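A.B. asks: Got a predicted structure plus its sequence, pasted below:
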Amino acid sequence: MAKLGKRLTDSYKKVDREALYSLESAVSLLKGLPKAKFDETIEIAMNLGIDPRHADQMVRGVVNLPNGTGKTVRVAVFAKGTKADDALAAGADIVGADDLAEKILAGNIDFDRCIASPDMMGVVGKLGKVLGPRGLMPNPKLGTVTPDVAGAVKAAKAGAVEFRAEKTGIVHAGVGKASFSEEALVQNIRAFVEAITRAKPTGAKGQYLLKVSLSSTMGPGLKLDLSTLAATA
């Protein structure tokens, strides 16, 4: 096992790995841990009582975090004509149609979110095997296939976070940066938990929220007391 650096060793000393922390105390503790040399992402991991292998137990969606993610999101848009102009005006980084599809097929995927106007799905549909595994395939349910490409671009830039349960029933997401205020992080986390709770699938039986933990990019994980979260299991 690799030897932990002094910063991480000091961080682990401040954390009780078995304790259940209230949301506010967990955020406060994470903010107080020794700092890394970069602005770490605060990450949430939620274990859900689902089996995503069944279609009626899949958890997927998008949530707008009230204080953004602190991350610069590069957005690609499939659009033509006035919609392409609208996307660029809204801050899209890459806009195109067949030319953009060719770049993606050639392996040039220099973006974090992909949006398409409905009339472009004939072009985008051919990219499923490339964009799908990366979680970048535009999807009407996620608001990334829409006539309002400008609105979708602004939402992505402002801190819209897509979520999808893994095969093990766990949802991971970044919910802000260590430099955020405690209040901003708590607001973002509550918004994310509420979105996951609203997305509870019809096939989920029994307890839905099983375990929730917070961590920073380079720090230890803190288990949360579910009763302190806005949403109830």
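C.D. replies: Perfect, I can see it now. Numbers count the residues shown, from 1 in each chain.
A.B. asks: tell me, how many neighbours does the residue lying closest to Ala155 once chain neighbours are set aside end up with?
C.D. replies: Leaving aside its chain neighbours, Ala155 sits nearest to Asn64 (6.1 Å; criterion: CB to CB, 6 or more residues apart in numbering). C-beta: built from backbone N, CA, C; applies to glycine. By other CB atoms under 10 Å, 14 other residues sit near Asn64.
A.B. asks: Hmm, Asn64 is touching Ala158, no?
C.D. replies: Yes - Asn64 lies in contact with Ala158 (CB atoms under 8 Å); the separation is 6.8 Å.
A.B. asks: Could you measure from the closest residue in space to Ala160 that isn't next to it in sequence over to Pro118?
C.D. replies: Excluding the flanking residues, the one nearest Ala160 by CB to CB, 6+ apart is Asn64, at 5.1 Å. To Pro118, Asn64 is 22 Å away according to CB to CB, to the nearest Å.
A.B. asks: Ser213 too?
C.D. replies: Per CB to CB, Ser213 is found 39 Å from Pro118.
A.B. asks: I'd like to know how many residues surround Ala165.
C.D. replies: The tally of other residues near Ala165 (other CB under 10 Å) stands at 22.
A.B. asks: Please name the residues that touch it.
C.D. replies: Counting by CB atoms under 8 Å, 6 or more residues apart in numbering, Ala165 touches Leu48, Ile50, Pro52, Met58, Val59, Arg60, Val171.
A.B. asks: Could you list the low-confidence segments of this structure?
C.D. replies: Counting by pLDDT under 70, the chain shows low-confidence ranges at 1-14, 16, 230-233.
A.B. asks: longest helix anywhere in it?
C.D. replies: helix 182-198 (DSSP state H).
A.B. asks: For that helix, C-alpha coordinates in CSV please.
C.D. replies: Output of helix 182-198 as CSV, limited to C-alpha atoms (Å, rounded to 0.1, in the frame of the first residue of the first chain):
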residue,chain,number,x,y,z
GLU,A,182,-20.2,26.2,3.3
GLU,A,183,-23.7,27.6,2.5
ALA,A,184,-23.2,27.3,-1.3
LEU,A,185,-22.0,23.7,-0.9
VAL,A,186,-24.9,22.8,1.4
GLN,A,187,-27.4,24.3,-1.1
ASN,A,188,-25.9,22.5,-4.0
ILE,A,189,-25.9,19.1,-2.2
ARG,A,190,-29.5,19.5,-1.0
ALA,A,191,-30.5,20.3,-4.6
PHE,A,192,-28.7,17.2,-5.9
VAL,A,193,-30.2,14.9,-3.2
GLU,A,194,-33.7,16.3,-3.9
ALA,A,195,-33.2,15.6,-7.7
ILE,A,196,-32.2,12.0,-7.0
THR,A,197,-35.1,11.5,-4.7
ARG,A,198,-37.5,12.9,-7.3
